[in-house]
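**Q** Sequence plus predicted model, see below.
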Amino acid sequence: MYNYTQMDESKIEYVEIAPSSELPNGERMFVEVEGKQIVIFNIAGQFFSIADVCSHDEGPVGEGDLEGCNITCPRHGAQFDVRTGKVTHMPAVVDIPAYPVRVVDGMIQLGVPKE
Ligand code: FES
């Protein structure tokens with residue numbers, strides 16, 4: 001299961017990323033958490049996060065064009081839903097990880113599975 005947004009909260013550990021003011025509406029932020037390349041989006045005031053690694057051929061999917069909640073990998077055009085990591089268009093066939101994001105006291109926190 002790669003959609004960690006659906007995971008039991010007790011199995012998630014939140015890591016502080018940055019003040020939410022640094023990620024305004026319509027912007028994205030690239031981070032590395034526990035060795036994982038991750039991108040966080042602010043879409044209409046809601047925060048979403050996926051792995052910045054395409055399941056097709058490890059392309060930098062986080063740099064792709066975003067339409068609504070659908071992102072297109074710049075390498076070969078696979079598409080994913082940034083809310084769930086679900087693949088929505090070929091050539092990828094495998095979902096990518098999606099991570100929970102919350103804001104606590106003005107700080108963005110990213111949820112990653114506990115080891
Ligand atoms: S690497 Fe993303 S579509 Fe091929």
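**A** Looks like it came in fine.
**Q** What count of nearby residues applies to the residue nearest to Val53 when sequence neighbours are not counted?
**A** Of all residues not flanking Val53 in the chain, Gln37 sits nearest, at 5.8 Å (C-beta to C-beta, 6 or more residues apart in numbering). Yep, even glycine has a C-beta here, placed from its N, CA and C like the rest. Using other C-beta atoms under 10 Å, Gln37 is surrounded by 15 other residues.
**Q** Could you verify my assumption that Gln37 touches Ala51?
**A** Yes: if you go by C-beta atoms under 8 Å, Gln37 and Ala51 touch, sitting 6.7 Å apart.
**Q** For the protein, which residues are neighbours of the ligand?
**A** The chain comes close to the ligand at residues Cys54, His56, Asp57, Gly59, Val61, Cys73, Arg75, His76, Gly77, Ala78, Pro91, Ala92, as judged by C-beta under 6 Å from any ligand atom.
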